[in-house]
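>>> Based on what follows, work out the 3D shape:
(chains A and B)
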Amino acid sequence: MEQLDTPHVPVELTPWDRVQLARHPQRPHSLDYIFALCEDFVELHGDRRFGDDAAIVGGMASFGNRTVMVIGHQKGNDTRENMKRNFGMPHPEGYRKAQRLMRHAEKFGIPVLCFVDTPAADPNKESEERGQGNAIAESIQLMTVLKTPIVVTVIGEGGSGGALALSVGDRILMQENSIYSVASPEATASILWRDAARAPDAARALKLTAQDLYTLEIIDEIIPEVPGGAHTDRLATMDTVGKRIAAHLEDVCALDLEVLMRQRYDKYRRIGQYEEQQSFAGRSFL
Amino acid sequence: MKEFFRRTKKSFPADQSSEQAQIPDDLWVKCSSCRELIYRKELNDNLKVCPKCGHHMRMSAREWIGLLDVGSFSETDAHLLPTDPLGFVTPDEAYADKLKKSQHRTGLADAVLAGIGSIDGLWMALAVGDFAFMGSSMGSVYGEKMSRAAERGAELGIPLLTINTSGGARQQEGVIALMQMAKVTMALSRLAEARQPHIAILVDPCYGGVTASYPSVADVIIAEPGANIGFAGKRLIEQIMRQKLPAGFQTSEFMLNHGMIDMVTPRGELRDVLARLLQHYRRQSPPMEEDDDGLEATDATPIYVHGRV
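All right, here's what the predicted structure looks like:
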């Protein structure tokens, strides 16, 4: 695989600064990437169960000389579009649409590219009624066993289970100023201290930057951004992302399916840090 | 004289850490639902279900072992201890200290108790959450024990029973905690390959990352009556989404009505239901052999039409 120079960090940004950059409204969103990097995109709609969720987009497209299934969270570029897209927070039908497209990809032997950019899964009453927990769980389960390569790129916010439901894959790439976290800093501050205003503290403690995730060995590569953030030079940003995805896609497509599946299993199975004592005897917490 | 009756504000010794452990082992317990006094032994014999109103009280992981055949349980992976992978320190409290406190208070290493046991002589791998340990939140040890339980089931060719109660992913382990959702689900694919079932019991309360991962894709999902089960917490929905929630929202019965679980089963009937289920799986036919020369084989196989060969 073609190697990239070590990503440089232009200025010392605090985690909270990066949260702001990751959420910047002018940052390229999934459809921007799809139109910039792919040709012949055919968007596919609907989960065949309840509806079509505009917070997740997907379809078939040509990427380089391959056909791929692209699926991504979609935020809006302005308030009106954000209302339509629910600020990129998917409902259960969004995840079920994604599952349908992934099965489709598996059936026709098409690799899957995912773009992750969501604050969280939609937390309203209707989503609970339609089984938000179930929809996310089924997406995760499907991706653990999907017999086709999956390359995931976090292009903005990777918020909680809502992001994980599109990001179980063979390669996880993150842009330099994107974030990925167990919950949004506001939610964590609210859960731990009942005070959402302390989000900057939470952002620091959560270790949610691309650099942190690379150190924790959860992601495979950090994609550098231009100084100032992705929104300051959208075309250059998208070009870099496209090249890195292409390199990783070539890698995983070259693998034998059996090897691919074994690597995916091991990739996730080893995540976690704990102490393993040789003998438990004699230890007491009391 | 007035002075005599005035309540002086002398609080109890504020030893927060031992608050829970110090609850005296007295003879009577007050039901948290109907407020009736219940004789403790009667309550324990009744699997902590209130004999007056049927309210299901929370059980510790150890107490859940009472569901199994007496003496059948043996614990596994007890030697896994949590660490502080992120160095999670905030002005209020460090995760490392919180862990120590919780371990001291509950006598548990972390939130999950795992092992092997039987019901009606039918063996299974078992993993049980304990809400008393940091709300049974899912961190590395939780994920690892669940994953090992699933892999053990696959290896030994026995079903997996998980008893789940959780506030969700453990915030203090950040994205590592989130990834446990994928990890446990990954491990469960081994159990599925071994054609062994995963039966999940949801008990009060079960939220967040746990609801949004492995229990929700179990082969059979059983919930206890009146348990609170959901993805987003009610406080969040009411305060942030500004939505009014109807009575009975996010309960077991709500989940059953919306098709998300298989059944709502009172604790007293769980053993019986599990025994029947396990019996069925044990009777399953061996997997259909995929023949290399399958096509030729079909040529020789007589076609079955309308009951005649």
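>>> can you map out the strands along chain B?
Assigned by DSSP state E, the strands in chain B fall at B:28-30, B:37-39, B:74-76, B:80-82, B:112-119, B:122-129, B:160-166, B:198-206, B:220-223, B:263-264.
>>> closest one to chain A among these?
Among these, strand B:80-82 comes nearest to chain A, with 4.2 Å by C-beta to the nearest C-beta. (C-beta placed from N, C-alpha, C; glycine too.)
>>> Can you list the strands that that closest one pairs with?
Strand pairing for strand B:80-82, determined by DSSP bridges: strand A:274-276 (antiparallel).
>>> What residues sit buried inside the strand it pairs with?
Residues of strand A:274-276 classed as buried by neighbour count (16 or more other C-beta atoms under 10 Å in any protein chain shown): A:Y274.
>>> ditto for stretch B:69-82
For stretch B:69-82, by 16+ other C-beta under 10 Å, it's B:S72, B:F73, B:T76, B:D77, B:A78, B:H79, B:L80, B:L81, B:P82.
>>> what's the answer for stretch B:151-161, then?
B:E151, B:R152, B:G153, B:A154, B:I158, B:P159, B:L160, B:L161.
>>> Whether it contacts chain A - can you check?
No: judged by C-beta under 8 Å from any C-beta of the partner chain, stretch B:151-161 makes no contact with chain A; its nearest approach is 8.8 Å.
>>> Any idea how far that stretch is from the middle of the chain?
The chain centroid and the centroid of stretch B:151-161 are separated by 17 Å under C-alpha atoms, centre = their mean, to the nearest Å.
>>> likewise stretch A:134-152?
12 Å.
>>> same thing with stretch B:247-264?
16 Å.
>>> what do you get for stretch A:224-233?
That offset, for stretch A:224-233, works out to 19 Å (C-alpha atoms, centre = their mean).
>>> What of stretch B:237-248?
25 Å.
>>> Now the strands of chain B in CSV, please, with extra columns for mean pLDDT.
Below are these laid out as CSV (pLDDT from 0 to 100):
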stretch, mean pLDDT
strand B:28-30, 89
strand B:37-39, 91
strand B:74-76, 96
strand B:80-82, 96
strand B:112-119, 97
strand B:122-129, 97
strand B:160-166, 98
strand B:198-206, 97
strand B:220-223, 98
strand B:263-264, 98
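>>> Which one of the ones you listed lies nearest to A:S167?
Closest approach to A:S167 among the strands of chain B is made by strand B:160-166 (21.4 Å; C-beta to C-beta).
>>> how far does that closest one sit from the chain's center?
The answer for strand B:160-166 is 3 Å, by C-alpha atoms, centre = their mean.
>>> so where do the helices sit in chain B?
Counting by DSSP state H, one finds helices in chain B at the ranges B:2-5, B:40-45, B:61-64, B:95-106, B:140-156, B:174-193, B:208-211, B:234-239, B:252-257, B:267-282, B:294-300.
>>> Check those for me and report the most buried one.
Across these, averaging neighbours per residue (mean count of other C-beta atoms under 10 Å in any protein chain shown) puts helix B:208-211 on top, at a mean of 29.
>>> If you count contacts, what does it end up packed against?
Judged by 3 or more C-beta pairs under 8 Å, 6 or more residues apart in numbering or on different chains; DSSP states H and E, helix B:208-211 is in contact with helix A:160-164, strand B:160-166, helix B:174-193.
>>> could you redo the ones you listed as CSV and give each row distance to A:V112?
CSV is the format used below for the helices and strands packed on helix B:208-211 (distance: least, C-beta to C-beta, whole Å):
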stretch, distance to A:V112
helix A:160-164, 15
strand B:160-166, 29
helix B:174-193, 16
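>>> So which of these is nearest A:F35?
helix A:160-164 (22.1 Å).
>>> quick check: mean pLDDT across the helix or strand following the closest one?
Where DSSP states H and E defines the elements, the next helix or strand beyond helix A:160-164 is strand A:171-175. The average pLDDT within strand A:171-175 is 98.
>>> what's next to strand A:171-175, contact-wise?
A:150-156, A:158, A:180, A:210, A:213-214, A:218-223, A:225, A:230, A:237, A:241, A:244-245, A:248, A:251-252 (C-beta atoms under 8 Å, 6 or more residues apart in numbering or on different chains).
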